[in-house]
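Participant: everything below, folded, please.
(2 chains)
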Amino acid sequence: MIEFAGVSVRNLRVERLAIPAGLTAVIGTNGAGKTTLLELCCGLLLPDEGAVLVDGRPPREADTALVPAFPGSSLIFSRVADELASCGRFAGLAPCEVAQRVEEAADAVDARHLLDRSTRSLSGGEQFVVSLAAGLAGRPAVLVLDEFDGALDRESLIGLLPAIRAAGARYVLWSTHDAALAAWADHSIALEAGRVAATGPAALALFEGWECAA
Amino acid sequence: MGVRGLTTVVLDRIVLERGPFRLDADAVFGPGLHVVVGRIGTGKSTLALALAGGLAPVSGTIRLEGVSRRLWVGQSPWHHLTGATVEDEVTSWGLSAEPLLDRLGLAGRGALDPFRLSRGEQQRLVLGCALATDADLLVLDEPFAPLDVPGRVALGRALGTRPGVTIAMTHADLHLSHVTARWRIRGGRLDPEET
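Facilitator: Below is the predicted model:
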């Protein structure tokens, strides 16, 4: 479980929330707190009050990966292959282990043809794919994808879903404005104005309300 | 000269190149909403940049007829932010802040640093300002991506009813109505899509 207890940060207040293992969709209107919740789960953001625990430990002690929607400014290296290798290299893995992980991650997202490209030359969608591969290469326990449907065309998106399932991350969280994609996840959490408004099927039902109110 | 009925963008056998990438296009965009689709990395943003005047074709010409004001909104709304506050941002477009912020669901947020807004809210702010300026040519790169469902529906409606030429690069076109023409980029070429 990823557990929230008495959490308060930015506009988000979550008294109690338990996110089970599997794929969890985080939905909500703009400014509802989706990105804040995701950043808490991977330890990028710490709560002002309360605690977030991943299997009983702070997220910063777990292996986590965050893939932002348009990751242009968070790609660090100039060559795609180095970006994918960065996690393993920072962790001090043996070079042959790093090379193997890079190849596996590139194959998982069908991005072998991008390995020698300059990260600066990638399109928005390609940046996302590379950022996802870099995340997968770190074999995270918590994989967080912030609006990954935003940067991708439908075919690319559907092609990546099996890889995300197969990545072996115990927790995968994604935020989305796409009802079908939210329904494809195992669990869902709906946020409204910084509060958890609903979880499970009741959360998905909120989509219809948004469509009708618009 | 901004004569509305005659606003036209002509791509006269242009070739765009960025490094090893090449895109060929021969097309006329008349008034109305044009949707350009294509898989990732096929050149949607490159075409948008060329239409915005940020990339010159290596051959062929881009002619803008009846366009006195063109606007481009890219994929990252924060790249467009220049104001120290949300209100400054709106007034920097020559618009009056209060009614627009009201309409965009950002009432009471005028004094905030725009970088404190969420990505979706930033997109709403930038698109709201861009749409309110009535550009003759409006080029949008993935405008729907960070918007929530109500925002997507509202944007789809606004794009389909504005005067002038609107060209939207997108793969999330579910919420678009009143589409004048659809185009697809595939294999380095822009082609009209059969409907």
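
Participant: can I get stretch A:169-185 in CSV, CA atoms only?
Facilitator: Presented in CSV, the C-alpha positions along stretch A:169-185 are these (Å, rounded to 0.1, in the frame of the first residue of the first chain):
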residue,chain,number,x,y,z
ALA,A,169,6.7,-1.8,-10.9
ARG,A,170,4.6,-2.7,-7.8
TYR,A,171,2.7,0.6,-8.1
VAL,A,172,2.0,2.5,-11.3
LEU,A,173,0.1,5.7,-11.0
TRP,A,174,-1.0,7.9,-14.0
SER,A,175,-3.0,11.0,-14.2
THR,A,176,-5.3,11.3,-17.2
HIS,A,177,-8.2,13.3,-18.7
ASP,A,178,-9.1,10.3,-20.9
ALA,A,179,-12.0,8.3,-19.5
ALA,A,180,-11.1,5.1,-21.4
LEU,A,181,-7.5,5.2,-20.1
ALA,A,182,-8.7,5.8,-16.6
ALA,A,183,-11.1,2.8,-16.9
TRP,A,184,-8.2,0.6,-18.1
ALA,A,185,-6.4,1.0,-14.8
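
Participant: what helix or strand is A:Val144 located in?
Facilitator: strand A:142-146 (DSSP states H and E).

Participant: tell me how chain B divides into domains.
Facilitator: Following automatic domain parsing, chain B resolves into domains at B:1-69+B:134-195, B:81-133.

Participant: weakest of these by average pLDDT?
Facilitator: Lowest mean pLDDT of the domains of chain B: domain B:1-69+B:134-195, a mean of 91.

Participant: A:Leu93: neighbouring residues, count only.
Facilitator: 15 (other CB atoms under 10 Å in any protein chain shown). C-beta here means a position set from N, CA and C on the backbone, and glycine is covered the same way.

Participant: just give the nearest non-adjacent residue to it, would you?
Facilitator: Spatially, and ignoring its direct neighbours in sequence, A:Leu93 is nearest to A:Arg101 (7.5 Å; CB to CB, 6 or more residues apart in numbering or on different chains).

Participant: looks to me like the one you found is in a helix.
Facilitator: Yes. A:Arg101 sits within a helix when classified using DSSP: H, G, I helix; E, B strand; the rest coil.

Participant: what's the neighbour count on it?
Facilitator: 20.

Participant: repeat for A:Pro95
Facilitator: 10.

Participant: dump the residue contacts of it.
Facilitator: By CB atoms under 8 Å, 6 or more residues apart in numbering or on different chains, no residues touch A:Pro95.

Participant: compute the number of surrounding residues for residue 145.
Facilitator: Here I'm looking at chain A. The burial count for A:Leu145: 25, using other CB under 10 Å.

Participant: wait, I meant chain B there
Facilitator: 25.

Participant: and it, which of the three is it?
Facilitator: coil.

Participant: got the contact list for the residue lying closest to it once chain neighbours are set aside?
Facilitator: Leaving aside its chain neighbours, B:Ala145 sits nearest to A:Gly150 (3.4 Å; criterion: CB to CB, 6+ apart). Taking CB under 8 Å, 6+ apart, we find A:Gly150 in contact with A:Ala69, A:Phe70, A:His177, B:Glu142, B:Phe144, B:Ala145, B:Pro146, B:Ala172.

Participant: and A:Gly150, which of the three is it?
Facilitator: Under three-state DSSP, A:Gly150 comes out as coil.

Participant: quick check: the gap between the residue nearest to A:Leu93 and chain B.
Facilitator: According to CB to the nearest CB, to the nearest Å, A:Arg101 stands 23 Å off from chain B.

Participant: need the pLDDT of that residue.
Facilitator: Reported pLDDT for A:Arg101: 96.

Participant: can you check the one 4 residues further on too?
Facilitator: For A:Ala105, the pLDDT comes out at 96.

Participant: show me which residues of the helix or strand where it lies are buried.
Facilitator: Using DSSP H and E, A:Ala105 sits in helix A:95-108. Going by neighbour count (16 or more other CB atoms under 10 Å in any protein chain shown), the buried part of helix A:95-108 is A:Val98, A:Arg101, A:Val102, A:Ala105, A:Ala106, A:Ala108.

Participant: isn't the second one right up against A:Pro140?
Facilitator: No. Assessed by CB atoms under 8 Å, A:Arg101 is found out of contact with A:Pro140, at 12.0 Å.

Participant: residues contacting A:Ala190?
Facilitator: A:Ile27, A:Gly28, A:Val196, A:Ala197, A:Ala198, A:Thr199, A:Ala202, A:Ala203, A:Leu204, A:Leu206.

Participant: buried subset of those residues as a PyMOL selection?
Facilitator: A single PyMOL command selects the buried members of the contacts of A:Ala190 (16+ other CB under 10 Å):
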select buried, chain A and resi 27+28+196+198+199+203+204+206
